[in-house]
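Student: A structural model of the following input is requested.
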Amino acid sequence: MPHPPRSTTAFLFDLDGTLVDSVYQHVLAWKEALDAEGVELSVWRIHRKIGMSGGLFTNILLRETGLEITEERLARLRRRHADAYNRQAAQGAIRPLPGARALLDYLQDSGIAWAIATSGRMATAAANLDALGVDPAKVPVVTRDQVRHAKPDPDLFIAAAERLGVEIGHSLVIGDSVWDMLAAQRARALGVGLLSGGYGPEELERSGAFRVYEDPADLLRHVDEVAARG
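Tutor: Purely as a prediction, here's the structure:
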């Protein structure tokens, strides 16, 4: 049986809120970590910064609250966030978004290259990958631990394209946040937005998304709109 023609487009996926329903779990984990550090911050303010680099995220939050930023404080926040998030994962709170597994299977079966690029460190990304059924030994996965700068810088997606051996300009960045779309623009890749992380369509479009879908299942239903065939 002949193989389907290989796509000329590679898919570079964000993870939280794009393939895994985990954005609000991260919000609550950061809230717990910040509370333990004596940092009072509303949940909605935390949500608006999910998706950017964890280090940039904590720096901005601490700057907004006027607290002193030290390496020790940042390290404690990261550790407390990871502990709180992984407790939720252990309780089964982290699950793939609708259609995520089917979308990845479709890409694999169709010969379309794909990789994952997440601003999360492996300390929390491992639980997401496990819930998704993705083995980082078999699939290119780039985490914050592996690049100099995370979103909204383009390093994660550029590294993911390099791992696949494809041109970043021939790639689609699939993400749920404005930080993903900004990183896609800076990488000179096309951005595709998903609403499954809590950002609105207008926000994603203003940040550079040329298409917006509800979730991975909706993207799969319309994949012919974005996947160029070779």
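
Student: for the longest helix seen in the chain, buried residues please.
Tutor: Taking residue count as the measure and DSSP state H as the definition, the longest helix of the chain comes out as helix 71-90. The neighbour-count criterion (16 or more other Cβ atoms under 10 Å) identifies Leu74, Leu77, Arg78, Arg80, His81, Ala82, Ala84, Tyr85, Asn86, Gln88, Ala89 as the buried residues of helix 71-90. For the C-beta atoms, the positions are set from N, CA and C on the backbone; glycine is no exception.

Student: how much space between Ala227 and Gln91?
Tutor: 36 Å (Cβ to Cβ, to the nearest Å).

Student: next: Val20.
Tutor: 15 Å.

Student: those two: who's more crowded?
Tutor: Looking at Val20 and Gln91 with other Cβ atoms under 10 Å, you find the greater number of neighbours at Val20, namely 29 against 9.

Student: is that one bridged to anything, and to what?
Tutor: The partner list for Val20 in beta bridges (DSSP bridges) reads Asp16, Pro96.

Student: that one and Pro96 touch, don't they?
Tutor: Yes - A contact is recorded between Val20 and Pro96 when judged using Cβ atoms under 8 Å, the distance being 5.8 Å.

Student: find residues that contact each of those two.
Tutor: Counting by Cβ atoms under 8 Å, 6 or more residues apart in numbering, the residues touching both Val20 and Pro96 are Ala131, Leu132.

Student: what's the longest helix of the chain packed up against?
Tutor: Using 3 or more Cβ pairs under 8 Å, 6 or more residues apart in numbering; DSSP states H and E as the contact criterion, the elements in contact with helix 71-90 are helix 23-36, helix 54-65, helix 122-132.

Student: hey, least reliable of those by pLDDT?
Tutor: Of all those, mean pLDDT reaches its minimum on helix 54-65 (a mean of 71).

Student: using CSV, lay out the buried residues of helix 71-90 together with pLDDT and distance to Thr124.
Tutor: Formatted as CSV, the entries for the buried residues of helix 71-90 read as follows, by pLDDT from 0 to 100; distance: Cβ to Cβ, whole Å:
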residue, pLDDT, distance to Thr124
Leu74, 83, 15
Leu77, 88, 13
Arg78, 88, 9
Arg80, 94, 12
His81, 92, 8
Ala82, 92, 5
Ala84, 95, 10
Tyr85, 93, 5
Asn86, 93, 7
Gln88, 92, 10
Ala89, 92, 8
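
Student: can you pull the contacts of Leu129?
Tutor: If a contact means Cβ under 8 Å, 6+ apart, then Leu129 has Leu15, Ile116, Asp135, Pro136, Val141 as its contacts.

Student: doesn't the second one belong to a strand?
Tutor: Yep, that's Ile116 we're talking about. Yes - in this structure, Ile116 lies within a strand as judged by DSSP: H, G, I helix; E, B strand; the rest coil.

Student: and for it, the neighbour number?
Tutor: By other Cβ under 10 Å, 28 other residues sit near Ile116.
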